[in-house]
Each structure stands twice: as structure tokens, then as C-alpha cells.
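[1] Sequence plus predicted model, see below.
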Amino acid sequence: MTIIVEQHNHGAEVEEKKIDSAGDDLLLNSRVVVTKSAVNDGFVVPGNNAFGHSFRDYDAESERKKIVQELYRLSHINQTYGFVKRMRETYKKLDRVEMSIWECCELLNDVVDDSDPDLDEPQIEHLLQTAEAIRKDYPNEDWLHLTGLIHDLGKVLLLPSFGGLPQWAVVGDTFPLGCAFDESNVHYEFFKGNPDYKNPAYNTKLGVYTEGCGLENVVMSWGHDDYMYLVAKENKTTLPPAGLFIIRYHSFYALHKAGAYEYLMNEEDVENLKWLQIFNKYDLYSKSKVKIDVEKVEPYYQSLIQKYFPPKLRW
Ligand SMILES: [Fe+2]
Ligand SMILES: [Fe+2]
């Protein structure tokens, strides 16, 4: 059984309708499908984000609209196959900072994500809101709680000590390079200014890839997802593959929301995608004015960090 929650843009009313369930959790623009347990366990999908607009509403007239649009223009022009290869090589060295996961959570507090039309609060709030909401609905999946806590830590790339990358190279939806850009990508029109758009090596459906090659072989646009994946992997996390998959592809909305690029996935990706779709609901809808008592929940998350990560990581 699945419950569809119809979202309304005005006011916080939420209408629930019961239907027969056939598939996985699915996220659409104005309609959210959530599992029954999620609703019963108290995860209430709010109607509006912190600015009073519906979530991921890129057309809403808001102060942030122009900032978000400019970020995608720069991202879609500058994120090329060559650029991403260079960034991965540079950051794979992990020679900048040594610190614990929790220290990084605190460090991230100074960062505001320009790409996000829903969020205007310190990042640690978002991290803990996401983790706590997941913990409530999936109490036994402690790896998923920790994944919620750390999924955005890669945004430290914005800070000077991590290279001070521009917002377009850190945040926003991610997309594959080395093959044609799919029209379901947000602000697709800006890709026309990307040199790869006219490059015959990269602008066919498969480009440099083969059907079913697996996402791990696909070069994704550079940002906080891929960076945090590299940090976790190179520091030998014991998180399960689904946790790493979530970290690496949580901004790949064309895949997990629109179902594009499926021809690049292998069987393992298909399995992991189910967890990502569950996760995304919490990533998106925990961006609300829910206050978390950081001191109260810290010991629990410290114990998870100890379980899945070394005390200090190379960044
Ligand atoms: Fe993110
Ligand atoms: Fe997030």
C-alpha cells in the first residue's frame, strides 16, 4: 500500500489519497509518493519550503531565482569532460586537510548553497534534519542515518582551504559528461554553450560509454557528491555500497527523478537506486524549519562515525 500526498502551493494543507502500490517511492514535481510507514511514523511532508514556495520550484518568483539560474548557466557551460577529469585528478590526492567527520559537519556551518531554492539555513541543520527523519522511519538502518548526516559534507569545496571552488563547481544537479546531455536536466538550454555539446565524440546517446557499463564508469559533473564519495572511499569507509551510491549520486536528479540515462546503469546500480529514491525524499523534505538539538543527538552520530570511519580522514 502506498499513499500519494498531493502537495498544494498555498498553505500547508496536505491531502492524502490511498492507492494500490506497484513500485518504488517516486518523486514528481507536484506529487509525492511516500511509503505508508513513513506517514505513520510521523514523517510529514511539508507543503512549502523555508521561503513559502513549493519544493524545487525553479519557476517561483523569489529572490533566489536569478542566483539559481545563473549558477546553472555557469555550470552547464563550464562542466566539460576535460574539466571533470582534471578536478578528479586534483582532488583525489586528498592532500589538503586532516579532520574527523564531525569536525567537517561543524565546518560546513558557514556554507550556504546558492543552487538550492529551498534552503537558507546553516548546513548542519539540514544534515541533522535529514539524518533524524530517516532514523525515525528506518530505525535499524544505521548506515542510512550516517549517510544522511554526511551526504553534503563535500560542500566544503566552497571554503578557501579546500580550493574555494565557485558554486557552479560544487552544488546543483549533477549530470554525466562524455555522452549527450538529456533534456530532463534542469535548465537544459544552457548546455548549448558547453563545448562538449558540439563535440561528436561526446554528443551521441552513448558517447564514450557502452550500454549498461555501470555508473561507476561514468564521468559525472564535478561537485560535492563526487568529492565526498572520493573522500569516503579513499579513507576506507565501511559504509555499504548503497550508502556510497547515495553520496555519489544524490544530486543526479535526471536519473533518480526523471529516469533518464538508465541505459548506463548495471544491475548493481538498479538495486542501489532504490535506496537513493528513499533517501531523496528525506533530503528534500527535511529542509524545513524543524529545530534539532545538536548536543542531544551528537553522541549517537559520533558512535556511527566511529563504526564506519577512521577517527581522522584525509580531505
Ligand atoms: Fe547535496
Ligand atoms: Fe542534501
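    Now that the structure is in, tell me what you want to look at. Numbering: from 1, shown residues only. Ligands and ions are numbered 1, 2, ... in the order given.
[2] Please count neighbours and contacts with C-alpha atoms only from this point.
    Will do.
[3] quick one, what contacts Gly193?
    76-77 (C-alpha atoms under 8 Å, 6 or more residues apart in numbering).
[4] and it, what pLDDT?
    Reported pLDDT at Gly193 in the predicted model: 98.
[5] Ok, Ala50 next?
    51.
[6] quick one: contacts for the residue positioned nearest the centre of the chain?
    Centroid-nearest residue in the chain, with C-alpha atoms, centre = their mean: His250, separated by 3.0 Å. The neighbours of His250, taking C-alpha under 8 Å, 6+ apart as the test, are 151, 225, 276, 280.
[7] would you say the last one is within a strand?
    So that's Asn280. No. Assessed by DSSP: H, G, I helix; E, B strand; the rest coil, Asn280 does not belong to a strand; its assignment is helix.
[8] Counting neighbours, what do you get for it?
    Around Asn280 sit 22 other residues, with neighbours defined as other C-alpha atoms under 10 Å.
[9] got it, and the third one?
    Neighbours of Leu276 under the rule other C-alpha under 10 Å: 22.
[10] so which helix or strand takes in it?
    Assessed by DSSP states H and E, Leu276 sits inside helix 267-285.
[11] now swap in Cys104 and tell me
    Take DSSP H and E as the rule and Cys104 turns out to sit in helix 101-107.
[12] Specify which member of the contacts of His250 is nearest to Leu313.
    Nearest to Leu313 among the contacts of His250: His151, at 15.3 Å, using C-alpha to C-alpha.
[13] so where's the stretch 101-250 of the chain shaky on pLDDT?
    Applying pLDDT under 70 to the stretch 101-250 of the chain flags the ranges 112-114, 116-121.
[14] can we see that at 90?
    In the predicted model of the stretch 101-250 of the chain, residues 108-126 satisfy pLDDT under 90.
[15] Show the residue spans covered by the strands in it.
    176-177, 219-220 (DSSP state E, counting those that start in this stretch).
[16] Contacts for the last one next, please.
    This points to strand 219-220. Contacts for strand 219-220 (C-alpha under 8 Å, 6+ apart): 81, 84-85, 174-178, 226.
[17] can you tell me how far the nearest residue to Asn280 once chain neighbours are set aside sits from Gln302?
    Spatial nearest neighbour of Asn280, excluding adjacent residues (C-alpha to C-alpha, 6 or more residues apart in numbering): His250 at 6.9 Å. Taking C-alpha to C-alpha, to the nearest Å as the measure, His250 and Gln302 are separated by 23 Å.
[18] what does Asp196 give?
    43 Å.
[19] These two: who's more crowded?
    More crowded of Asp196 and Gln302, by other C-alpha under 10 Å: Asp196, with 23 against 13.
[20] was I right about Glu211 contacting Tyr261?
    No. Checked against C-alpha atoms under 8 Å, the pair Glu211 and Tyr261 is beyond contact range at 10.0 Å.
[21] what does the helix holding Cys104 contact?
    For helix 101-107, contacts defined as C-alpha under 8 Å, 6+ apart pick out 124, 150, 153, 156, 302, 305, 309, 311-313.
[22] Quick one, which of the residues you listed are buried?
    The neighbour-count test (16 or more other C-alpha atoms under 10 Å) marks 124, 150, 153, 156, 305, 309, 313 as buried among the contacts of helix 101-107.
[23] ok now do the residue lying closest to the fourth one once chain neighbours are set aside, which residues does it touch?
    Right, the one you point to is Val156. Leaving aside its chain neighbours, Val156 sits nearest to Leu108 (6.0 Å; criterion: C-alpha to C-alpha, 6+ apart). Contact partners of Leu108, counting by C-alpha under 8 Å, 6+ apart, are 122-124, 153, 155-156.
[24] how near is Leu108 to Tyr227?
    Per C-alpha to C-alpha, Leu108 is found 14 Å from Tyr227.
[25] The closest residue to Ile150 other than its chain neighbours - how many residues pack around it?
    Of all residues not flanking Ile150 in the chain, Leu127 sits nearest, at 6.9 Å (C-alpha to C-alpha, 6+ apart). The number of residues packed near Leu127 is 24, by other C-alpha under 10 Å.
[26] Go ahead and confirm Leu127 touches Leu149.
    Yes. Between Leu127 and Leu149 there is a contact under C-alpha under 8 Å: 4.7 Å.
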